[in-house]
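Participant: Build the 3D model from these lines:
(2 chains)
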Protein chains: 2
Amino acid sequence: MSAKIRLYVEHPLGDGQSVPLDRDQAHYLFGVMRLAVGGQVLLFNGRDGEWLADVEQAGKRAGVLACVQQTKPLQMPPDLWLLFAPIKKARTDFIVEKAAEMGAARIVPVQTEFTNSERIRQDRLQAHAVEAAEQCGGTYVPEVAELQKLDRLLDDWPDGRQLMFCDEAEVGAAKRLASNTPGQPWAILIGPEGGFSDRERARLSALHFAYVVSLGPRILRADTAAVAAMTIWQQALGDWE
Amino acid sequence: MSAKIRLYVEHPLGDGQSVPLDRDQAHYLFGVMRLAVGGQVLLFNGRDGEWLADVEQAGKRAGVLACVQQTKPLQMPPDLWLLFAPIKKARTDFIVEKAAEMGAARIVPVQTEFTNSERIRQDRLQAHAVEAAEQCGGTYVPEVAELQKLDRLLDDWPDGRQLMFCDEAEVGAAKRLASNTPGQPWAILIGPEGGFSDRERARLSALHFAYVVSLGPRILRADTAAVAAMTIWQQALGDWE
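Facilitator: A predicted model of the protein is given here:
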């Protein structure tokens, strides 16, 4: 409920710790947000929880903050990966933002047979994840991985990680989410706008660690599907409720 | 799975029915999408299901389609209203789009104590709902209501309609969704970015037809919260599964 600015930094945070600011951070806090010496911000770095910090030096290109006290412990999201096929720029940005808000631990753009996108700007997407974490009060920032081929990812699939995928097509023998226990590693795969290919669908359905979930009778855009699928997973197996 | 264009029209649809196009529709089909006489489109009007239609006349400013056969019956969404406090333009557009995709029957922008927005462009939002219905394969377009005050809406609340609201604050005595039976009229209320006021929260909590639902430990943006809340409702009481 606080209107304080939340800022992600890479520097360690702790009692009395000084935190030097880089040029962009100083410009944002002192130029854009008009903070001055004596003002306060909330800091997090993905490891040490959230800290209240005083502004000790405020310049145009630099500045120093000093940690006052911890305001939140580190809260890790569940061990959930969100895999999605990148689409148009604005929608891809939205998916990364939503994944961070909804509590994904890792975001993995994948190339499927019907994916249009040949490349992504990993650094730009990572910056979106940071911004979403600043906004949503989280103390953790999910890592955005480089774009990789779905087939290769499945070839090297880590032992013990379950996979939930969302498919418009009816799948008769779908295994049920609810038969699982919380606390295990998972991934959610959102298909591309054009759907999975028949070959991909057959491969996914045959995986012993895969579960199919239906997202209702209407066709959802990929960003809507990402939020809906994470809601279902978080309610059944994650940190909601 | 068809790549055919889906178009919402107001005209009645039925066996052999002719459908005249207005200037915008003709420009879109024949100018932008390069359809010609003999081409086919899918039509729906929110009442008669989805129809395959042939292009019979194609001009720059007008045209005529003819219905060939029904391809889907009318599928009404559950009797679910989505109430939300309008925010920045792009996010408001997203909420309307998501509500249509997720199967809301009516979309109601509401003014709360902490809502910034004094007005909305109802016609523009309604056009977004139409576009989302065209995109998601639905045969129904939710009505977007005019902006109204939340207090007034609650004063005149229709008998028998339940209300689910989503709140960051812990609510001890929250009634549970699962105790309800499907098929009843409902509304979901998404709070404004600044949260509900204490007075609003007290009023909402005291309503005998209100249910509180938690959306997890992170703060969700309003558009994310709308999709998450509708997912929970659709799974528990709506037309999913």
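Participant: in what helix or strand does the residue most central in space within chain A lie?
Facilitator: Note on chain A: the residue nearest the mean C-alpha position is residue A:100, at 3.0 Å, using Cα atoms, centre = their mean. Of the helices and strands defined by DSSP states H and E, residue A:100 is found in helix A:89-102.
Participant: What is the least confident helix or strand in chain A?
Facilitator: Here the helix or strand of chain A ranked lowest by mean pLDDT, DSSP states H and E is strand A:210-213, holding a mean of 88.
Participant: Can the very next helix or strand once past that strand be said to contact chain B?
Facilitator: Downstream of strand A:210-213, the next assigned helix or strand under DSSP H and E is helix A:222-237. Yes. Counting by Cβ under 8 Å from any Cβ of the partner chain, chain B has neighbours in helix A:222-237: A:224, A:227, A:228, A:230, A:231, A:232, A:234, A:235. All C-beta atoms are positioned from the backbone trio N, CA, C, and that covers glycine.
Participant: ok, and what's touching whichever strand or helix holds residue A:125?
Facilitator: Using DSSP H and E, residue A:125 sits in helix A:122-136. For helix A:122-136, contacts defined as Cβ atoms under 8 Å, 6 or more residues apart in numbering or on different chains pick out A:6-8, A:44, A:46, A:92-93, A:96-101, A:107, A:109, A:138-147, B:218-221.
Participant: any residue of the least confident helix or strand of chain A up close to chain B?
Facilitator: No. Judged by Cβ under 8 Å from any Cβ, strand A:210-213 and chain B are separated, with a smallest distance of 9.3 Å.
Participant: who are the neighbours of that strand, in terms of helices and strands?
Facilitator: Packing partners of strand A:210-213 (3 or more Cβ pairs under 8 Å, 6 or more residues apart in numbering or on different chains; DSSP states H and E): strand A:162-166, helix A:198-206.
Participant: any idea how far it is from the chain center?
Facilitator: Per Cα atoms, centre = their mean, to the nearest Å, the displacement of strand A:210-213 from the mean C-alpha position of its chain is 21 Å.
Participant: Please save the CA atoms from it in CSV.
Facilitator: C-alpha atoms of strand A:210-213 as CSV (Å, rounded to 0.1, in the frame of the first residue of the first chain):
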residue,chain,number,x,y,z
ALA,A,210,3.3,-34.0,-19.8
TYR,A,211,-0.2,-33.0,-18.8
VAL,A,212,-2.8,-31.3,-21.0
VAL,A,213,-5.1,-28.6,-19.8
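Participant: Now do the phi/psi pair for residue A:52.
Facilitator: Residue A:52 has phi and psi values of phi -80, psi 130 when expressed as degrees, to the nearest 10.
Participant: how about the nearest residue to it once chain neighbours are set aside, what does it touch?
Facilitator: Excluding the flanking residues, the one nearest residue A:52 by Cβ to Cβ, 6 or more residues apart in numbering or on different chains is residue A:68, at 4.7 Å. Shown in contact with residue A:68 (Cβ under 8 Å, 6+ apart): A:40, A:51, A:52, A:53, A:54.
Participant: Name the nearest residue to the fourth one, sequence neighbours excluded.
Facilitator: This points to residue A:53. Among residues not flanking residue A:53 along the chain, residue A:65 sits closest, at 4.1 Å (Cβ to Cβ, 6+ apart).
Participant: And for that neighbour, the neighbour number?
Facilitator: Neighbourhood size, residue A:65 [other Cβ atoms under 10 Å in any protein chain shown]: 29.
Participant: What strands flank the helix or strand hosting it, and is each parallel or antiparallel?
Facilitator: For residue A:65, the element it lies in under DSSP H and E is strand A:63-72. Strand pairing for strand A:63-72, determined by DSSP bridges: strand A:18-21 (antiparallel), strand A:50-58 (antiparallel).
Participant: So what sits opposite the residue nearest to residue A:53 in the bridge?
Facilitator: Assessed by DSSP bridges, residue A:65 has beta-bridge partners residue A:19, residue A:55.
Participant: Where does pLDDT dip in chain A?
Facilitator: A:1-3, A:168-175, A:241 (pLDDT under 70).
Participant: Write out the residues of chain A neighbouring chain B.
Facilitator: Within chain A, the positions lying close to chain B (Cβ under 8 Å from any Cβ) are A:1, A:75, A:94, A:97-98, A:101-103, A:135-138, A:195, A:214-221, A:224, A:227-228, A:230-232, A:234-235, A:238-241.
Participant: Surely residue A:117 and residue A:91 touch.
Facilitator: No. The criterion here is Cβ atoms under 8 Å, and residue A:117 misses it with residue A:91 at 10.7 Å.
Participant: if we can go back for a sec, can you list the strands that the least confident helix or strand of chain A pairs with?
Facilitator: Strands that pair with strand A:210-213, judged by DSSP bridges, come out as strand A:162-166 (parallel).
Participant: What lies in contact with the strand it pairs with?
Facilitator: Residues outside strand A:162-166 that contact it (Cβ under 8 Å, 6+ apart) are A:157, A:177, A:180, A:184-191, A:204, A:207, A:209-215, A:225, A:228-229, A:233.
Participant: Please apply the same query to stretch A:234-241.
Facilitator: Taking Cβ under 8 Å, 6+ apart as the rule, stretch A:234-241 contacts A:77-78, A:80, A:102-103, A:177-178, A:180-182, A:184, A:186, A:231, B:214-217, B:232.
Participant: So what's the residue count around residue A:102?
Facilitator: By other Cβ under 10 Å, the residues close to residue A:102 number 30.
Participant: show me what contacts it?
Facilitator: A:226, A:227, A:230, A:231, A:234, B:216, B:218, B:220, B:224, B:228.
Participant: contacting residues for the residue lying closest to the second one once chain neighbours are set aside?
Facilitator: In space, not counting the residues next to it along the chain, residue A:227 is nearest to residue B:227; the distance is 4.0 Å by Cβ to Cβ, 6+ apart. Residue B:227 makes contacts with A:224, A:227, A:228, A:231, B:98, B:102, as judged by Cβ under 8 Å, 6+ apart.
Participant: And chain A, what are its domain boundaries?
Facilitator: Domain ranges of chain A: A:6-72, A:80-237, per automatic domain parsing.
Participant: possible to save those domains as CSV with distance to residue B:113?
Facilitator: Output for the domains of chain A, formatted as CSV (distance: least, Cβ to Cβ, whole Å):
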stretch, distance to residue B:113
domain A:6-72, 24
domain A:80-237, 22
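Participant: Can you name the residues bridging to residue A:190?
Facilitator: Judged by DSSP bridges, the bridge partners of residue A:190 are residue A:84, residue A:166.
Participant: I'd like to know how far it sits from chain B.
Facilitator: Plainly put, residue A:190 is 13 Å away from chain B if you go by Cβ to the nearest Cβ, to the nearest Å.
Participant: likewise residue A:146?
Facilitator: 25 Å.
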